[in-house]
Structure formats: C-alpha cells, structure tokens
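In: got a structure for you, letters missing:
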C-alpha cells in the first residue's frame, strides 16, 4: 500500500586500537552500505571531521552525489589517500624529496585545509564546488598552507559580491556546465588578480 521502503540504521562501532579488521567491525561492514572511519590521530591534528578517506567507503557511491560534486571531487579521495601515504613517507626525510613530490604534499595540505569545516557552518553545494574546483586544479598552489582558510573566506566573499550568479547557477543546475566552468575559471583568475594587487 505504501510502496515498500527501506530500513535506515546507523551503527556506531568503537574500534580497539584502531583495528577495523576485528570481529565486530568486519561483521557490521559486511552488512552495511559503507562506513565512515573517524580517526583519533586526524582529530588530534586538527582535521575535523576526522575522516580517514582510505578506510571510508560507500557502496552507494557517486549516485548519492550531485553531478557537480562528482565533477570536481572525482579523484579527490584517491588524491587524499596518496597524500596521506606520502605524508607518512616524508616524515623520514623531507629534504630528499623531489619537487613534484613536495608540490603534491603541499597541494594535499591545501585540500585538507579546505575540507575542514567549522561546527554549525553548513555550506551550499555551489560554494563547496567552487572552492574545491579552485584548490584541486591548482589555482591556490601559490597560497601558503597556513593562509588557505583566510583565502577561502576571501574567495567566498569575492564570489558572493562579484559573481553571485555562479553559485546560484551551480546550485540550480547541480552540475558544472561548460559556460559555468569558463565563468568560474575567469572569476578565479579575477580573484587571484585582486589578491596580488591588494
């Protein structure tokens, strides 16, 4: 009569010493559509939400995301997992790393900073997509990592005052159409120009 339905459950499991392969976690993982693995080390490092992207998965996948988010974040999970591996490796001798590896580490740090979200601060799809597009495509590579959060705020204010139609268009279309992407690239360059002249 009501057209069927589904059961939504959110099991929460505390791992012992971070062991996700223990009996209870593996059984719960086997019957759910995915898991979000929160890691104390990331939390203590100031990364919030402290999600381990290597161990967190969704069997629902991209079908739960908007097309716009899939367009910008398609390789984000892999990039972050590689960054975390490189970061662990770099602790043993950052001076010996080649320039490409150092650049990849710096971009990973910038992406991590952009993904941090203060409590009670929801962000529209359009804002998320625009800042992720900028950081993933290297437009913010010249911004020092410790200034990324400040520049992200500057970027959002700039877009709200100078190009409010872009956020609105992405929110409505739920994808980045060619004309929106060109307008976004142009707006990011305009923002960068304004930064360098101030």
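Out: Noted; the coordinates are in hand. Remember, it's a predicted structure, so these values are computed and weren't measured experimentally. Numbers count the residues shown, from 1 in each chain.

In: let me see the contact set for the residue sitting nearest the centre point of the chain.
Out: The centre of the chain sits closest to residue 115, judged by CA atoms, centre = their mean, with a distance of 4.5 Å. By CB atoms under 8 Å, 6 or more residues apart in numbering, the contact set of residue 115 is residue 47. In short, each C-beta sits where N, CA and C put it, glycine included.

In: any idea how far it is from residue 27?
Out: According to CB to CB, to the nearest Å, residue 115 and residue 27 sit 30 Å apart.

In: give me the residues contacting the one helix or strand in the chain whose mean pLDDT sits lowest.
Out: Ranked by mean pLDDT, DSSP states H and E, the weakest helix or strand in the chain is strand 57-58, scoring a mean of 83. Residues outside strand 57-58 that contact it (CB under 8 Å, 6+ apart) are 33, 34, 35, 64.

In: pull the distance from it to the chain's centre.
Out: 15 Å (CA atoms, centre = their mean, to the nearest Å).

In: I'd like to know how many residues surround residue 121.
Out: Using other CB atoms under 10 Å, residue 121 has 6 other residues around it.

In: is it true that it lies in a strand?
Out: No: assigned with DSSP: H, G, I helix; E, B strand; the rest coil, residue 121 falls outside any strand and is coil.

In: do you know how far it is from residue 59?
Out: 29 Å.

In: what does residue 164 give?
Out: Taking CB to CB, one finds residue 164 at 37 Å from residue 59.

In: ok, those two, which is more surrounded?
Out: Using other CB under 10 Å, the more surrounded residue of residue 164 and residue 59 is residue 164, with 11 against 8.

In: how near is that one to residue 41?
Out: With CB to CB as the criterion, residue 164 and residue 41 are 39 Å apart.

In: cool, residue 74 as well?
Out: 27 Å.

In: which of those two has more neighbours?
Out: residue 74 (13 against 10).
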